[in-house]
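Asks: I'll drop the sequence and a predicted model, then ask my questions.
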Amino acid sequence: MTSSGNDSRADPSEVRTLAAELALTGPLTIERIAGHLGLSSRTLQRHLADQGASLRAIVEESRLEVARVLLCKTDLTVQEIAARSGYRTPSGFARAFVRWAGLPPRAWRNANREPDRQ
């Protein structure tokens with residue numbers, strides 16, 4: 001194992017981009033992100049920590065960003081959005097969303113609804 005300390009596969013902005021893409025295609029897990037980068041989850045976490053980033057925080061930010069887009073642009077139920085965002089339960093999703101956005105998902109949707117969504 002080399003100790004390059006700055007594996008380009010573990011660039012926080014690239015990991016965020018990958019996490020957002022993966023969140024749209026299935027459950028978003030640390031193992032899934034690491035696998036797509038050809039790293040173990042521990043190695044990816046270590047490389048990100050060396051750069052002051054947290055994989056867990058990146059995963060949560062990506063899930064909530066996907067949820068934000070789905071709330072604005074679709075008529076999916078909050079339960080469907082919770083599942084697509086990788087949350088096991090709608091209540092877990094709602095708690096995380098309130099921490100992130102300051103409002104419950106339905107209230108946030110009503111305040112931020114995109115009028116011309118398809």
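Replies: Now that the structure is in, tell me what you want to look at.
Asks: which secondary structure elements does the one helix or strand A20 maps to contact?
Replies: In this assignment (DSSP states H and E), A20 forms part of helix 12-23. Other helices and strands packing on helix 12-23, by 3 or more C-beta pairs under 8 Å, 6 or more residues apart in numbering; DSSP states H and E, are helix 30-37, helix 41-50, helix 55-73. From N, CA and C alone the C-beta is placed, and that goes for glycine too.
Asks: what angle sits between the shortest one and helix 12-23?
Replies: Direction vectors for helix 30-37 and helix 12-23, defined by axes from the mean of the first three to the mean of the last three C-alpha atoms, to 10 degrees, enclose an angle of 110 degrees.
Asks: Pick the most buried one from the helices and strands packed on helix 12-23.
Replies: Ranked by mean neighbour count, these are led by helix 55-73 with a mean of 19 (mean count of other C-beta atoms under 10 Å).
Asks: can you give me the offset of it from its chain's centre?
Replies: 4 Å (C-alpha atoms, centre = their mean, to the nearest Å).
Asks: Name the residues of the helix holding A20 that are buried.
Replies: For helix 12-23, the neighbour count (16 or more other C-beta atoms under 10 Å) marks 12, 15-16, 18-20, 22-23 as buried.
Asks: wait, L55 sits on T29?
Replies: No - taking contacts as C-beta atoms under 8 Å, L55 lies outside contact range of T29: 10.3 Å.
Asks: before we move on, back to that, among the buried residues of helix 12-23, which one lies nearest to S40?
Replies: Distance to S40, by C-beta to C-beta, is smallest for V15 among the buried residues of helix 12-23, at 14.1 Å.
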